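Chemist: this one's structure only:
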């Protein structure tokens, strides 16, 4: 059975190699949202994945308190408000007698976000009581829990990471390793790697969960494609490449892949610089192509001369036959795909015939009496 399987696999490979391109019309390209990127030799990053959280920078935190005992006479801000340095926040009425009693206005020591409020209007206060917490979140700390064997490859001040915040769902932010935590977690075998990250719009808040792609090394002159461009199963990876000649045509190209990071896949074979690879819409292309123009129609329009249904050019004999007797369909040369299919089928039938013949010639069991 082994020759049979080998022959069958070879036949499938031959047929797959001649798979025609997927051809769409303008509406199909728009409906599928087809987007392409041009491949080139770029810097490829080897990364390690980690989970973590957002924390505030300790030195960017301030507490508002009163120097006198009294009660809250006026609250000008509330939890979640953004304040500036020197902005009046709370007015406290003193317990000292007076008509009216003396009061003091408390101002914000820093610019930032009122992260928590510990008092309400009319509540009594003491000098040691915290009234408001204010956090400057223009920069935050992204803390990743990395395995100890990975931590040995990281260098404070040099190692970069691409950081995604699950709650925001936006493009990744880049951060630089600031330092490591003071101790490792014995149970998980991890240690905190602390990255300093800018926080435009103050959208990141302490406690948010984050995903890290920590850059371990970089290699130059590597052809890579976005991960969403890669299709197929692990044994046969493919990408869709825009045809150079046909408009709105995309060819399925087998590729050999190398390493993979959070965004890109290294391509070891199958693509060349300048190929336009489909990213968005590549999965849908596997189910598309039936409603657009045929391969013959697209090639005829692109090249200005006639082609067969399989995409091969019509020979002079084919054109003469079609123009002369009107029996061109009866005498047209078979397409290369059909020729290969019949060759493969013939080979399979031949192998089966050999197997059957060998089975019939098997010698009789010596213990079996001969027929008289």
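Modeler: Perfect, thanks for sending it. It should be emphasised that the depicted structure is a prediction, and the values quoted were computed from it without experimental measurement.

Chemist: from here on, contacts and neighbour counts on C-alpha atoms
Modeler: Noted.

Chemist: Leaving out sequence neighbours, find the closest residue to residue 203.
Modeler: In this structure, residue 203 finds its nearest non-sequential neighbour in residue 168, 7.8 Å apart by CA to CA, 6 or more residues apart in numbering.

Chemist: Next, that neighbour: secondary structure please.
Modeler: Following DSSP: H, G, I helix; E, B strand; the rest coil, residue 168 is assigned to coil.

Chemist: when you give positions from now on, start the count at 52
Modeler: Understood, numbering begins at 52; the last thing we discussed is residue 219.

Chemist: That one: how many residues sit nearby?
Modeler: Counted with other CA atoms under 10 Å, residues neighbouring residue 219 total 12.

Chemist: can you give me phi and psi for it?
Modeler: phi -100, psi -30 (degrees, to the nearest 10).

Chemist: and it, how far is that from residue 110?
Modeler: Between residue 219 and residue 110 the distance is 25 Å, computed by CA to CA, to the nearest Å.

Chemist: Where is the longest strand in this protein?
Modeler: strand 260-277 (DSSP state E).

Chemist: by contact count, what packs against that one?
Modeler: strand 92-107, strand 190-198, strand 211-216, strand 315-320 (3 or more CA pairs under 8 Å, 6 or more residues apart in numbering; DSSP states H and E).

Chemist: any idea which helix or strand comes after the third one?
Modeler: Beyond strand 211-216 in the direction of the C-terminus, DSSP states H and E gives the next helix or strand as strand 224-236.

Chemist: What helices and strands are in contact with that next one?
Modeler: strand 211-216, strand 241-249.

Chemist: partners of that strand, with directions?
Modeler: strand 211-216 (antiparallel), strand 241-249 (antiparallel) (DSSP bridges).

Chemist: so which helix or strand takes in residue 82?
Modeler: Applying DSSP H and E, one finds residue 82 within helix 77-83.

Chemist: buried ones in that helix?
Modeler: For helix 77-83, burial by neighbour count (16 or more other CA atoms under 10 Å) applies to 79-80, 83.

Chemist: Across the sheet, point out what pairs with residue 269.
Modeler: residue 96.

Chemist: Isn't it up against residue 95?
Modeler: Yes. Using CA atoms under 8 Å, residue 269 makes contact with residue 95 at a distance of 5.6 Å.

Chemist: contacting residues around the closest residue to residue 170 other than its chain neighbours?
Modeler: Spatial nearest neighbour of residue 170, chain neighbours left out: residue 182 (5.7 Å); criterion: CA to CA, 6+ apart. Residue 182 makes contacts with 114-117, 168-170, as judged by CA atoms under 8 Å, 6 or more residues apart in numbering.

Chemist: Please name the nearest non-neighbouring residue to residue 121.
Modeler: Using CA to CA, 6+ apart, the nearest residue to residue 121 is residue 145, at 4.4 Å.

Chemist: what is the mean pLDDT for the longest strand of the chain?
Modeler: Mean per-residue pLDDT for strand 260-277: 94.

Chemist: got the angle for it vs strand 315-320?
Modeler: Interaxial angle, strand 260-277 versus strand 315-320 (axes from the mean of the first three to the mean of the last three CA atoms, to 10 degrees): 20 degrees.

Chemist: following strand 260-277, which helix or strand comes up?
Modeler: Heading C-terminal from strand 260-277 (DSSP H and E), you reach strand 282-284.

Chemist: From the chain's centroid, how far away is the next helix or strand after that following strand?
Modeler: Using DSSP H and E, the helix or strand that follows strand 282-284 in sequence is strand 287-293. Its chain's average C-alpha position is 16 Å from that of strand 287-293, according to CA atoms, centre = their mean, to the nearest Å.
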